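# Mind looking at a prediction? Sequence and model below.
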Amino acid sequence: MPTDTDLGFFATDVSFADKSAIVTGSSRGIGRAIAIELARQGADVLINYNQNRDAAESVQQEVTALGRKAVIIQADISDFDAHERLLDTAHNAFGKVDILINNAGITRIADILEETPEQFDLIVNTNLKATHFLTQRVANYMVANEIRGCIIYTLSISDTVASDNRTAYCISKAGLEMSMRAYAGRLAAHGIKVNGIAAGVIDTDLSRVRIPDYEEAAEKGLHLYGPLWNP
């Protein structure tokens, strides 16, 4: 059986030396792990949080301990005015932005027969609309500055597997995949790579609301594609 280092897409010797990244939602979970790994591979990182500054400062300490620059910014990505602050803060700190990791997102439990328009809008506006237009802002910056950068979306198995008590989340993730595909086609001529990662079940604050569902599925003899991974 091949090891992680035998597979190109699992390579552990990738270098991001002299690159800089914006990682949204990077104070915890998958975003935190991505920010630290980017720093380990040589990148400077903008750490974005919405509510928990202490968690963001913990990530900052880990990044700087790896010898890389790290700046923290509080920003709710559903606030479109914050998009310019994110980009300006990263550019001023690092001189350029090479990488955008679209990781921030939210979910709520609501039966599809009871979900309100307000609940739906909160999730779709945050996960899909805000991410789509943050990508637009950063993409235009990369094009204008002739940066052959990289934009990554954190997708989900929920973009293809429906859930009747998290429908808005599933719809938002399905929309994100189409956003990713559209930007990939549009930006290819500028040397900007756009891709997405649809992870399985990762043990994060966001996924823990689904643990009872996974346990119920296991009792029925259904199994996850793999174990519950840590970020």
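Looks like it came in fine.
# contacts and neighbour counts: CA atoms only from here.
Noted.
# which residues of the protein fall in strands?
All strands of the chain, identified by DSSP state E, fall at 20-23, 44-49, 70-74, 99-102, 150-154, 193-197.
# so which of those strands is the most packed in?
Of all the strands of the chain, strand 44-49 carries the top mean neighbour count, a mean of 29, counting by mean count of other Cα atoms under 10 Å.
# now for that one, which elements pack on it?
Applying 3 or more Cα pairs under 8 Å, 6 or more residues apart in numbering; DSSP states H and E, we find strand 44-49 packed against strand 20-23, helix 29-40, helix 53-65, strand 70-74.
# Turn these into JSON lines, columns for distance to Glu115 and mean pLDDT.
JSON lines is the format used below for the helices and strands packed on strand 44-49 (distance: least, Cα to Cα, whole Å; pLDDT from 0 to 100):
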{"stretch": "strand 20-23", "distance to Glu115": "30", "mean pLDDT": "99"}
{"stretch": "helix 29-40", "distance to Glu115": "26", "mean pLDDT": "95"}
{"stretch": "helix 53-65", "distance to Glu115": "31", "mean pLDDT": "98"}
{"stretch": "strand 70-74", "distance to Glu115": "29", "mean pLDDT": "98"}
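# deepest of these, which one?
With a mean of 27, the top stretch among the helices and strands packed on strand 44-49 by mean neighbour count (mean count of other Cα under 10 Å) is strand 20-23.
# Packing partners of that one?
So strand 20-23, by 3+ Cα pairs under 8 Å, 6+ apart, packs with helix 29-40, strand 44-49, helix 81-94, strand 99-102.
# what's the angle between the first one and helix 53-65?
Put simply, helix 29-40 runs at 20 degrees to helix 53-65, going by axes from the mean of the first three to the mean of the last three Cα atoms, to 10 degrees.
# longest helix of the chain?
Looking across the chain with DSSP state H, the single longest helix is helix 167-187.
# can I get the CA coordinates of that one in PDB?
Output of helix 167-187 as PDB, limited to C-alpha atoms (Å, rounded to 0.1, in the frame of the first residue of the first chain):
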ATOM      1  CA  THR A 167     -30.700  21.700   4.000                       C
ATOM      2  CA  ALA A 168     -29.400  25.300   3.800                       C
ATOM      3  CA  TYR A 169     -25.900  24.200   4.600                       C
ATOM      4  CA  CYS A 170     -26.000  21.500   1.900                       C
ATOM      5  CA  ILE A 171     -27.400  24.000  -0.600                       C
ATOM      6  CA  SER A 172     -24.600  26.500   0.300                       C
ATOM      7  CA  LYS A 173     -21.900  23.900  -0.200                       C
ATOM      8  CA  ALA A 174     -23.300  22.800  -3.500                       C
ATOM      9  CA  GLY A 175     -23.400  26.400  -4.600                       C
ATOM     10  CA  LEU A 176     -19.800  26.800  -3.500                       C
ATOM     11  CA  GLU A 177     -18.700  24.000  -5.700                       C
ATOM     12  CA  MET A 178     -20.200  25.700  -8.700                       C
ATOM     13  CA  SER A 179     -18.600  29.000  -7.700                       C
ATOM     14  CA  MET A 180     -15.300  27.200  -7.500                       C
ATOM     15  CA  ARG A 181     -15.700  25.700 -11.000                       C
ATOM     16  CA  ALA A 182     -16.700  29.000 -12.500                       C
ATOM     17  CA  TYR A 183     -13.700  30.900 -11.100                       C
ATOM     18  CA  ALA A 184     -11.400  28.100 -12.100                       C
ATOM     19  CA  GLY A 185     -12.400  28.400 -15.700                       C
ATOM     20  CA  ARG A 186     -12.300  32.200 -15.700                       C
ATOM     21  CA  LEU A 187      -9.000  32.600 -13.900                       C
END
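# And the contacts of that helix?
Applying Cα atoms under 8 Å, 6 or more residues apart in numbering, the external contacts of helix 167-187 come out as 106-108, 110-112, 120, 123-124, 127-128, 131-132, 139, 153, 155-156, 158-163, 192-196.
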